[in-house]
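Student: Sequence and predicted model, in that order:
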Amino acid sequence: MSIQNGHTKHLNVAVVGGGLVGSLEALFLARRGHRVSLYEYREDIRKTPHVRGRSINLALSVRGRRALRDVGLEDIMIKEHGIPMRARMIHRPDGSTYSIPYDTRTNQCIYSVGRNYLNAVLLKESENYKNVTRHFNHKLLEANLPKGELKFVKMDTKETVSVDADLIVGTDGAFSAVRRAMLKQPLFDFSQQYIEHGYLELCIPPNCQGGFQMPPNYLHIWPRGNFMMIALPNQDCSWTVTLFMPFKNFKGIDSESKLLEFFEKYFPDSIPLIGEKKLIDDYFGGSPSPLITIKCRPYHVSDKAIIIGDAAHAVVPFYGQGMNAGFEDCTILNNLFQKHKDDLTQILAEFSNTRWQDAFAICDLAMYNYIEMRDLVTRPSYRIRKALDDLIYWISPDLWVPLYNSVTFSTMPYSQCVKNRQWQNKVLAIIIFAAGVFAFILLCWARR
């Protein structure tokens, strides 16, 4: 609602791009009484199988949980579908393993949730609101954002549909058509970066009894320096396995013998879990997908349009924050609607002016965490630093929150998480320097 001349007005909102963030934002807006039309390029995900190359499970953490709680869906995801992952399980090249807990102090965890299931839950919930309509197979052709005008084509009938909206919300992903229309606006900054690494999905099936082949309450990681493999548990006791490595490495594995030789060298314990035939079929049945980081600003056009989620800040998946950051966008927008009493001019401007710093921060943190996951976790220096972080956090939780905990288990702004880490690095450097000086003095005194 917005207030005009003392009267309450319900907004006509067009959410372009269903998906997770779009479906969630539709719920937030519907709960405020606005009329929401949800336009999705794809078919209804509840009626279609998994699209290869698109991750089928996601890591849900505190930021995402908070957003789901606000629309009444946290419990169904956590209690009925989420699989808790309490630690990283590190697989060495020799097949031995060890675990690194995420939170030794309060035992918080992240949850593996199915993308399709979560999307289905959000869409089903939207059906409980008469002020939400869903339009699938609608491709955006044109957008006049300053005027709130959109033109779609129905993919099945090729019919064109014109839409006028009080507000356009672009949630149409990393290759957003709404953002592309924003590029025509003056003073719009945009950058994208592809990394040299791609990813390919494999699968560990359930065992003969229909159970898990590995301990399920972990995010399993095979770190190998310049590349890595991870596995997340699924509700059917299978595992979604994702191989991340440079495209040149993928290109070099061009035969079954090279593939098996590669896995026998770097991931030998995974071969009996996946099965040689399934490994070969899955690997050569797909192709590696690219990974992209996108930064842009501002996120809005006057009081008519805004982009959120991957459309505003696509991140690589290594911190598990892509979905969570997008869901947090919905929470922040909802709070701004409340703060400014649905005044779009103030809401959209404040979102743009404040959110970009945190969005840029999580983009950078996600890149850093890839280096940590594929390489640093195997180094003694990493384990020493984590032990120090955990010890100080245990002694003084109000003063010292480790970086991963602040990003994953709090709603501290991402940019503040970075500043917090920088401060901690300085403190530890001073402590180490002081300890070195003290040790040197003691050594000199002992030699007198």
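Tutor: Perfect, I can see it now.
Student: Sketch out the low-pLDDT regions of the stretch 101-250 of the chain for me.
Tutor: Per-residue confidence for the stretch 101-250 of the chain (pLDDT under 70) gives no ranges below the cut-off.
Student: could you pull out the strands for the stretch 251-400 of the chain?
Tutor: Assigned by DSSP state E, counting those that start in this stretch, the stretch 251-400 of the chain shows strands spanning 289-297, 300-301, 305-307.
Student: State the paired neighbours of the shortest one in the sheet, together with their directions.
Tutor: Yep, that's strand 300-301 we're talking about. Partner strands for strand 300-301, per DSSP bridges, with pairing direction: strand 305-307 (antiparallel).
Student: For the nearest residue to residue 269 once chain neighbours are set aside, what are phi and psi?
Tutor: Excluding its sequence neighbours, the residue lying closest to residue 269 (C-beta to C-beta, 6 or more residues apart in numbering) is residue 95, at 3.9 Å. Using the backbone N, CA and C atoms, a C-beta is placed for each residue, glycine as well. In this entry, residue 95 is assigned phi and psi values of phi 90, psi -10 (degrees, to the nearest 10).
Student: And residue 95, how close does it get to residue 272?
Tutor: If you measure residue 95 against residue 272 using C-beta to C-beta, to the nearest Å, the figure is 10 Å.
Student: one step back: out of the strands of the stretch 251-400 of the chain, which one sits most buried?
Tutor: Compared across the strands of the stretch 251-400 of the chain, strand 305-307 shows the largest average neighbour count, a mean of 29 (mean count of other C-beta atoms under 10 Å).
Student: can you pull the pLDDT of the residue nearest to residue 269?
Tutor: Reading off the per-residue confidence, residue 95 sits at a pLDDT of 93.
Student: separation between it and residue 325?
Tutor: Residue 95 sits at a distance of 35 Å from residue 325 (criterion: C-beta to C-beta).
Student: Neighbour count for the two, which is higher?
Tutor: Ranked by neighbour count (other C-beta atoms under 10 Å), residue 95 and residue 325 place residue 325 first, with 28 against 10.
Student: Pull up the per-residue confidence for that one.
Tutor: On the pLDDT scale, residue 325 is placed at 98.
Student: residues contacting it?
Tutor: For residue 325, the contacting residues are 63, 309, 313, 315, 359, 362, 414, taking C-beta atoms under 8 Å, 6 or more residues apart in numbering as the criterion.
Student: Could you rerun that using 7 Å?
Tutor: Shown here is residue 325, whose contacts under the criterion C-beta atoms under 7 Å, 6 or more residues apart in numbering are 63, 313, 315, 362.
Student: Filter those down to the ones in helices?
Tutor: Among the contacts of residue 325, DSSP state H puts 63, 313, 362 in helices.
Student: Could you tell me how many residues sit around the closest residue to the last one other than its chain neighbours?
Tutor: If you skip the residues right next to it in sequence, residue 362 has residue 414 as its closest partner in space, 4.4 Å away by C-beta to C-beta, 6+ apart. Using other C-beta under 10 Å, the number of residues around residue 414 comes to 25.
Student: Now residue 414, what are its backbone angles?
Tutor: Reported as degrees, to the nearest 10, the phi and psi values for residue 414 are phi -50, psi -40.
Student: Pretty sure residue 235 sits in a strand.
Tutor: No. Residue 235 is assigned coil when assessed by DSSP: H, G, I helix; E, B strand; the rest coil, not a strand.
Student: ok, it touching residue 80?
Tutor: No. Using C-beta atoms under 7 Å, residue 235 is not in contact with residue 80; the gap is 9.5 Å.
Student: ok, residue 364 to residue 231 distance?
Tutor: The separation that residue 364 has from residue 231, given C-beta to C-beta, amounts to 26 Å.
Student: who's more crowded, the two?
Tutor: Neighbour count, other C-beta under 10 Å: between residue 364 and residue 231, residue 231 has more, with 26 against 15.
Student: Excluding covalently adjacent residues, which one is nearest to the residue most central in space within the chain?
Tutor: Centroid-nearest residue in the chain: residue 322, 1.8 Å away (criterion: C-alpha atoms, centre = their mean). For residue 322, the nearest residue in space outside its immediate sequence neighbours is residue 315; the separation is 5.1 Å by C-beta to C-beta, 6+ apart.
Student: go on, residue 170?
Tutor: Once chain neighbours are set aside, the closest to residue 170 by C-beta to C-beta, 6+ apart is residue 178, at 2.8 Å.
Student: Quick check: next helix or strand after whichever strand or helix holds the one you found?
Tutor: Here residue 178 is covered by helix 177-182, with elements defined by DSSP states H and E. Remark: after helix 177-182, the chain's next helix or strand is strand 189-204, criterion DSSP H and E.
Student: Name the residues of that next one that come out as buried.
Tutor: 197, 198, 199, 200, 201, 202, 203, 204 (16 or more other C-beta atoms under 10 Å).
Student: with those in mind, which one is nearest to residue 374?
Tutor: Nearest to residue 374 out of the buried residues of strand 189-204 is residue 197 (C-beta to C-beta; 8.9 Å).
Student: wait, what's in contact with the closest one?
Tutor: 244, 245, 246, 291.
Student: what bridges to it?
Tutor: Partner residues in beta bridges with residue 197, using DSSP bridges, are residue 246.
Student: any idea how far residue 136 is from it?
Tutor: Separation of residue 197 from residue 136 (C-beta to C-beta): 33 Å.
Student: Then residue 307?
Tutor: According to C-beta to C-beta, residue 307 and residue 136 sit 21 Å apart.
Student: how about the closest residue to residue 198 other than its chain neighbours, what does it touch?
Tutor: Using C-beta to C-beta, 6+ apart and skipping the chain neighbours, the partner closest in space to residue 198 is residue 288 (3.5 Å). If a contact means C-beta under 7 Å, 6+ apart, then residue 288 has 198, 199, 200, 247, 250 as its contacts.
Student: Lovely, talk soon.
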